[in-house]
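Participant: Test case, fold it:
(one chain, ligands or ions: 1)
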Amino acid sequence: MAHLTLSDPPTQRKRAAHWTNDHGTGFTNPWPSAKGPPALSHVAKFSWQGMHIQKPEVKDPHAFLPMQKPDFTPPTEGVKATWLGHACVLAQFATDGGKNSINVLFDPVFSDRCGPGGYLGPKRYTAVPCGGVEGLPEIDVVAISHNHYDHLDRSTLSEIFAKQKRTPALVASLNTWRVLDGISPKAKQVYREADWWETIEGRHQRRGLWAGWAVQGDAGSVYFAGDTGYAAVETETYEIDPAVPVCPAFKEIGERFGGFDLAFLPIGAYAPRWFLSTVHCAPIDTVRLFQDVRAKKAMAIHWGTWDLSHEQLSEPATMLAEARDVVGLTKEQFDVVDLGASISSVPAAAAATARVPEAQAQAQEQEPKQAEAEAELERAVA
Ligand SMILES: [Zn+2]
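Facilitator: Okay, here's the model as predicted:
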């Protein structure tokens, strides 16, 4: 029995600017900031150059990226987010004064290798902080950003459906079912896919939940960016060039949703820039994306797990610090965190004082609050 009941998908979708056919099965990036798919010769050049780069930090990754056991205790208020390696984040939305939380898991990939069948592809150089699927709390929604191996892992998803006591809802982008089919007999009943800007509504008791990438609720709002480029450049530049067009979607996301309490933004797998800037942000891109989506606070993701590109393993963290200074953000606003660590939408001082009324609230448990823990989760932009 599914924990959440999801609304029906739209009966008909209209062809949009990012569709390449009338069926919603082929897509293109419509923004002036993007380049087309890479030529085979470029892929070969990228791979060849990468073979000659030494990564000495791989021997002791915890020297630059410590790991801790995650604490999945529900937050008493606001939203708590825990980084589980690479792009995987668990966002917990406070409900019932901290007795429960609505748990949204983004892009869980716990396999050792990032590639087909679990045998090919880069091997992870840091472990899964919660140990694996058995270390997770009960999940309400699993949200997948796209079907690349570092974001969608069939074996992790199969395990989630097999081991969770209640079946989570599963949401992904249009035309993703073809790679999810067969992960679990339960999956199809709880699966919904969405096009850009589409909304999926879910019901859990009195609570409403819409599934996707931008999550808005009484407890707060989050934005999960998944993989994205921001501005495609031709050279190994890490400077802001006003002449290079940037992706306009992020400003639109900021405007439509009115900003976010927390954002989970990618900072790694960006070098070489001539090849990867169209699909992955370097920190100088991510800090501007942070501003465009009007995030109050962000956690850096998409680094520290697999060696997918040419930059040194710790470089995204040092580059983020430099990029923050360029645009005038603070460490408190946007930083890297340890593997398994959490951030909260509620400032630490406010959370400490909130514990006093919480104790009173527990004493008055006879009068359950009528407040609806409504949350909406909307798919934004890839
Ligand atoms: Zn990725």
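
Participant: does the ion sit close to stretch 85-100?
Facilitator: No. Using CB under 5 Å from the ion, no contact is recorded between stretch 85-100 and the ion, whose separation bottoms out at 6.0 Å. All C-beta atoms are positioned from the backbone trio N, CA, C, and that covers glycine.

Participant: Quick check: which ranges of the protein have low pLDDT?
Facilitator: Using pLDDT under 70 as the threshold, the predicted model of the chain has low-confidence ranges 1-7, 197-212, 348-382.

Participant: Which stretches in it count as helices?
Facilitator: In the chain, the helices defined using DSSP state H lie at 40-51, 154-163, 177-180, 249-257, 273-276, 283-292, 315-327, 348-363.

Participant: contact partners of the fifth one?
Facilitator: Residues external to helix 273-276 that are found in contact with it (CB atoms under 8 Å, 6 or more residues apart in numbering): 38, 42, 45-46, 229, 233-238, 269-270, 282, 309.

Participant: residues contacting Leu174?
Facilitator: With CB under 8 Å, 6+ apart, Leu174 has these contacts: Arg13, Gly24, Thr25, Phe27, Glu193, Ala194, Asp195.

Participant: hmm, try it at 6 Å
Facilitator: Going by CB atoms under 6 Å, 6 or more residues apart in numbering, Leu174 touches Gly24, Glu193, Asp195.

Participant: could you dump the residues you listed to TSV with distance to the ion?
Facilitator: As requested, those are arranged in TSV below (distance: CB to the ion, whole Å):
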residue	distance to the ion
Gly24	23
Glu193	19
Asp195	21
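
Participant: Near Thr95, how many residues? Count them for me, please.
Facilitator: Residues contacting Thr95 under the criterion other CB atoms under 10 Å number 23.

Participant: whoops, I mixed them up, Glu315
Facilitator: The criterion is other CB under 10 Å. On that basis, Glu315 has 20 neighbouring residues.

Participant: Any figure for the gap between it and the ion?
Facilitator: Counting by CB to the ion, to the nearest Å, the gap from Glu315 to the ion is 17 Å.

Participant: Leaving out the residues flanking it, which one is nearest to that residue?
Facilitator: Using CB to CB, 6 or more residues apart in numbering and skipping residues adjacent in sequence, the residue nearest Glu315 is Ala271, 7.9 Å away.

Participant: which residues touch the one you found?
Facilitator: Under the criterion of CB under 6 Å, 6+ apart, the contact partners of Ala271 comprise Ser309, His310, Glu311.

Participant: picking up where we left off before, which of the helices of the chain has the highest mean neighbour count?
Facilitator: helix 283-292 (a mean of 25; mean count of other CB atoms under 10 Å).

Participant: what's next to it, contact-wise?
Facilitator: When contacts are taken as CB under 6 Å, 6+ apart, the neighbours of helix 283-292 outside the stretch itself are 230, 238, 250-251, 254, 265, 267, 298, 319-320, 323-324, 327, 329, 334.

Participant: near the ion, which of these show up?
Facilitator: Intersecting the contacts of helix 283-292 with the contacts of the ion gives an empty set (criterion: CB under 5 Å from the ion).

Participant: nearest to the ion, of these?
Facilitator: Ile267 (11.4 Å; CB to the ion).

Participant: ok, the closest one touching Met299?
Facilitator: No. Under the criterion of CB atoms under 6 Å, Ile267 is not in contact with Met299, lying 9.9 Å apart.

Participant: Between these two, which has more neighbouring residues?
Facilitator: Comparing Ile267 with Met299 by other CB under 10 Å, the one with more neighbours is Ile267, at 28 against 23.

Participant: where do the strands sit along the stretch 201-350 of the chain?
Facilitator: Taking DSSP state E, counting those that start in this stretch as the criterion, the stretch 201-350 of the chain contains strands spanning 201-204, 207-210, 214-217, 220-224, 262-266, 298-301, 334-335, 342-344.

Participant: Can you tell me which of those is nearest to Lys165?
Facilitator: If you check each of these against Lys165 by CB to CB, strand 201-204 wins as the nearest, at 14.6 Å.

Participant: what's the closest non-adjacent residue to Ile240?
Facilitator: What sits nearest to Ile240 in space, not counting adjacent residues and going by CB to CB, 6+ apart, is Ile284, at 6.4 Å.

Participant: who does the residue nearest to the spatial centre of the chain bridge with?
Facilitator: Nearest to the centroid of the C-alpha atoms of the chain, with distances taken as CA atoms, centre = their mean, sits Phe224, at 4.0 Å. Beta-bridge partners for Phe224, by DSSP bridges, are Phe264.

Participant: My read is that it contacts Trp213, right?
Facilitator: Yes. Applying CB under 6 Å as the test, Phe224 and Trp213 come out as touching, 5.0 Å apart.

Participant: In the stretch 51-200 of the chain, what residue lies closest to the ion?
Facilitator: Asp150 (4.3 Å).

Participant: and that residue, how many neighbours?
Facilitator: One way to gauge burial is a neighbour count; for Asp150, by other CB under 10 Å, it gives 22.

Participant: How about the contacts made by it?
Facilitator: For Asp150, the contacting residues are His86, Cys114, taking CB under 6 Å, 6+ apart as the criterion.

Participant: can you rerun that using 7 Å?
Facilitator: Applying CB atoms under 7 Å, 6 or more residues apart in numbering, one finds that Asp150 lies in contact with His86, Ala87, Val109, Cys114, Trp306, Leu308.
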